[in-house]
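**Student:** sequence below, structure please.
(one chain, ligands or ions: 3)
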Amino acid sequence: MPELRENPVTQSWVVIATERAKRPTDFVHPAAPRKGTANCPFCYGNEDKTPPEILAYRPQDTRPDTPGWRVRVVPNKFPALSDEGDLVATREGFFRGMTGYGVHEVVVESPEHDLTLPYQTPEQVYNVLSALKERFANLSRDRRLRYVQIFKNHGGVAGASLEHPHFQIIATPLIPAETETELKNAYDYYHEHGECLFCRMMGAELGEARRILRADDSFVTFNPYGSRFPFETWILPRHHNSSFGSISEKEVRDLALAVQDALGRLDEVLTDPPYNLILHTAPLDLEAREYYHWHIEVLPRLTIVAGFEWGTGFFINPTPPEDAARFLQEVKNPEE
Ligand SMILES: [Zn+2]
Ligand SMILES: [Zn+2]
Ligand SMILES: [Zn+2]
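**Tutor:** Numbering: from 1, shown residues only. Ligands and ions are numbered 1, 2, ... in the order given. Here you go, the predicted structure:
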């Protein structure tokens, strides 16, 4: 019999479709034809194919926009929002809008065209996360911006148009609806129960243990009870903190290991699945310290989101998260 489960963070319901339970091998995703390094704007020697770099970790004796960098941050050449012009409210009778002010950046993870995060050195992943944190801090100072969305699309199905591994940052002048929903639910929970919804959920997952993939001093990785997608994987900081922008150096180092571990397990079990990695954090101008808890959601794109999901907000997940966890737990030492 199928089961309905609530995702406490989004308060949406998920149909765990046990009748058609799927194993990792049931999810066939054809390997995308590789375009290769020719003309890749993120490979060494092609630095002039992107707008000038905003930030790069490179030896002091190399010039900007030349090879030698380890991580490189550039403006998106085709930005979703533009930082030219100003933020102005517009009105068309009944309808309201605003100019598309915002910032859209790309963080190139390394010069290696074919090396994804699980196969980088921990030091390199630390560099990538440090660059994300540095850009987050910088964008936080722009008073026109209210939210910084850090994310990663991997694989064509998940929306990646360039195969060279990269993160994206889009900073918006509004708090996105998805974040508003999480904030509201977390706020309500805090005021009703006097504790953080995420801390409580993490405690419950640790207590039940069967959906836990990894836990260390700093981070807990699990397939949440209310997983919307097969093999959905969350990483939560163990110490309560509302903003990614204020994590410690040790946490950045530990996060590198946690991210490598999670993506390494998914890669091993599902053979390079397409996925979206999403970092949810408190809005820039909001004091959400006590009730919100930043986190990472990795959403493998193995099923099609269709009419029922769009119409109802109910997701159908054909792989119970307990089953997903069993497969992912079997992967030994993905970091090695
Ligand atoms: Zn490349
Ligand atoms: Zn918390
Ligand atoms: Zn979230």
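
**Student:** ok, which stretches of the stretch 201-336 of the chain are helices?
**Tutor:** Here the stretch 201-336 of the chain has its helices, by DSSP state H, counting those that start in this stretch, at 249-270, 307-312, 321-329.

**Student:** now the stretch 1-150 of the chain, which segments are flagged as low pLDDT?
**Tutor:** When residues are selected by pLDDT under 70, none of them lie in the stretch 1-150 of the chain.

**Student:** who in it is up against ligand 1?
**Tutor:** By Cβ under 5 Å from the ion, the residues of the stretch 1-150 of the chain that approach ligand 1 are Thr37, Cys40, Phe42, Cys43, His113. In this view, the C-beta of every residue, glycine as well, is placed from N, C-alpha and C.

**Student:** what about the closest residue to the last one other than its chain neighbours, which helix or strand?
**Tutor:** The spatial neighbour of His113 that comes closest, neighbours along the chain excluded (Cβ to Cβ, 6 or more residues apart in numbering), is Thr37 at 4.6 Å. Using DSSP states H and E, Thr37 falls within no helix or strand.

**Student:** ok, which pair from the residues of the stretch 1-150 of the chain next to ligand 1 is furthest apart?
**Tutor:** Thr37 and Phe42 (9.3 Å; Cβ to Cβ).

**Student:** these two - which one has more neighbours?
**Tutor:** Phe42 (23 against 16; other Cβ atoms under 10 Å).

**Student:** distance check, the closest residue to the more buried one other than its chain neighbours against Glu105.
**Tutor:** Among residues not flanking Phe42 along the chain, His164 sits closest, at 3.9 Å (Cβ to Cβ, 6+ apart). Distance from His164 to Glu105, counting by Cβ to Cβ, to the nearest Å: 15 Å.

**Student:** looking at the two, which is more packed in?
**Tutor:** The neighbour comparison of His164 against Glu105 (other Cβ under 10 Å) goes to Glu105, with 26 against 21.

**Student:** ok, that one touching Val74?
**Tutor:** Yes - using Cβ atoms under 8 Å, Glu105 is in contact with Val74, at 6.9 Å.

**Student:** overlap in contacts of those two?
**Tutor:** Common contact partners of Glu105 and Val74 (Cβ atoms under 8 Å, 6 or more residues apart in numbering): Ile54.

**Student:** around ligand 2, which positions in this protein sit nearby?
**Tutor:** Cys196, Phe198, Cys199, His240, His293.

**Student:** can I have the buried ones of those residues as a PyMOL selection?
**Tutor:** Here is the PyMOL command that selects the buried residues among these (16 or more other Cβ atoms under 10 Å):
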select buried, resi 196+198+199+240+293
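
**Student:** ok, so of the residues of the chain next to ligand 2, who is nearest Pro300?
**Tutor:** The shortest gap between Pro300 and any of the residues of the chain next to ligand 2 belongs to Phe198, at 21.4 Å (Cβ to Cβ).

**Student:** centroid-wise, who is the farthest residue in the protein?
**Tutor:** What lies farthest from the middle of the chain is Gly93; by Cα atoms, centre = their mean that is 37.5 Å.

**Student:** quick check, central residue of this structure?
**Tutor:** Geometric middle of the chain (Cα atoms, centre = their mean) lands on Ile278, at 2.0 Å.

**Student:** relative to Gln124, how far out is it?
**Tutor:** Distance of Ile278 to Gln124, computed by Cβ to Cβ: 22 Å.

**Student:** same check on Pro67?
**Tutor:** Distance, Pro67 to Gln124, using Cβ to Cβ: 16 Å.

**Student:** neighbour-wise, which of those two wins?
**Tutor:** Taking neighbours as other Cβ under 10 Å, Pro67 and Gln124 compare with Gln124 leading, 20 against 14.

**Student:** can you get me a residue count around the closest residue to the more buried one other than its chain neighbours?
**Tutor:** Once flanking residues are discounted, Gln124 sits nearest to Ser110: 5.7 Å by Cβ to Cβ, 6+ apart. Using other Cβ under 10 Å, Ser110 is surrounded by 22 other residues.

**Student:** repeat for His280
**Tutor:** Neighbour count of His280, defined by other Cβ under 10 Å: 23.

**Student:** same question, Arg228
**Tutor:** By the other Cβ under 10 Å criterion, the neighbourhood of Arg228 contains 24 residues.

**Student:** and the closest residue to it other than its chain neighbours, what does it touch?
**Tutor:** In space, and not counting its chain neighbours, Arg228 is closest to Phe315: 3.8 Å by Cβ to Cβ, 6+ apart. Neighbouring residues of Phe315 by Cβ under 8 Å, 6+ apart: Ser12, Val14, Val15, Arg228, Phe229, Val305, Glu309.
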